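# what would the 3D arrangement of this be:
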Amino acid sequence: SSHPFRPLMCFTLMFCVVSVTNVPPPHSTIRPGSPVPMNTNNPGVRKAARFGVYRYNNSSNDLFLFKESQIKKAMVQIVRGLKYMLHVEIKRTVCEKRNHFSLDSCHFQRKKSLQQMLRCYFEVWITPWTHKVHIPVAHCH
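The predicted structure is shown next:
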């Protein structure tokens, strides 16, 4: 009587993963899945991209903060939580690092000489039940 497709696996409202497997019986262990494509507008994807940007900003020597301008591609894998694999474009904002702004209120640079765009690959691993975020990979160029 169980439906063959379970369209969403949700850990919380923020973390939903498209899944085409049966709901496993209670005694079975869920095996980690392979990465699946995600909509780049998904709230969980956007949150993960922001974590990647925080990580970049913390390690950069730039005077200004960068912010995500476009999420180009997103994959997610269920592996002891959610592992996001993201291709993101980030741009320099007008906010200086030393002033610690909320990125939401930071606008992108309008001055041509200060504009800069980087392409990044982030891996962001979120375990919702422990509220832990681990970012093993953050490459920008």
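# and stretch 60-80, which residues are buried?
Buried positions in stretch 60-80, judged by neighbour count with 16 or more other C-beta atoms under 10 Å: 64-68, 71, 74-78. (Each C-beta comes from the backbone N, C-alpha and C, glycine too.)
# just put those in JSON lines and tack on secondary structure and distance to Gln116.
Shown next, in JSON lines, are the buried residues of stretch 60-80 (DSSP: H, G, I helix; E, B strand; the rest coil; distance: C-beta to C-beta, whole Å):
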{"residue": "Phe64", "secondary structure": "strand", "distance to Gln116": "9"}
{"residue": "Leu65", "secondary structure": "strand", "distance to Gln116": "12"}
{"residue": "Phe66", "secondary structure": "strand", "distance to Gln116": "8"}
{"residue": "Lys67", "secondary structure": "strand", "distance to Gln116": "12"}
{"residue": "Glu68", "secondary structure": "strand", "distance to Gln116": "14"}
{"residue": "Ile71", "secondary structure": "strand", "distance to Gln116": "18"}
{"residue": "Ala74", "secondary structure": "strand", "distance to Gln116": "23"}
{"residue": "Met75", "secondary structure": "strand", "distance to Gln116": "26"}
{"residue": "Val76", "secondary structure": "strand", "distance to Gln116": "28"}
{"residue": "Gln77", "secondary structure": "strand", "distance to Gln116": "31"}
{"residue": "Ile78", "secondary structure": "strand", "distance to Gln116": "35"}
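# closest one to Gly52 out of these, please.
Ranked by distance to Gly52 (C-beta to C-beta), the buried residues of stretch 60-80 are led by Glu68 at 7.8 Å.
# is it true that that closest one touches Arg55?
No. Look at Glu68 against Arg55 with C-beta atoms under 8 Å: they stay out of range, at 11.9 Å.
# now the helix or strand Tyr54 falls within, how far from the chain's geometric center?
Take DSSP states H and E as the rule and Tyr54 turns out to sit in helix 43-59. Offset of helix 43-59 from its chain centre (C-alpha atoms, centre = their mean, to the nearest Å): 6 Å.
# contacts for that helix?
14-16, 38-39, 65-68, 71, 74, 76, 82, 84, 86, 88, 90, 97, 103, 118, 120, 122, 124, 126, 133, 135, 138, 140 (C-beta atoms under 8 Å, 6 or more residues apart in numbering).
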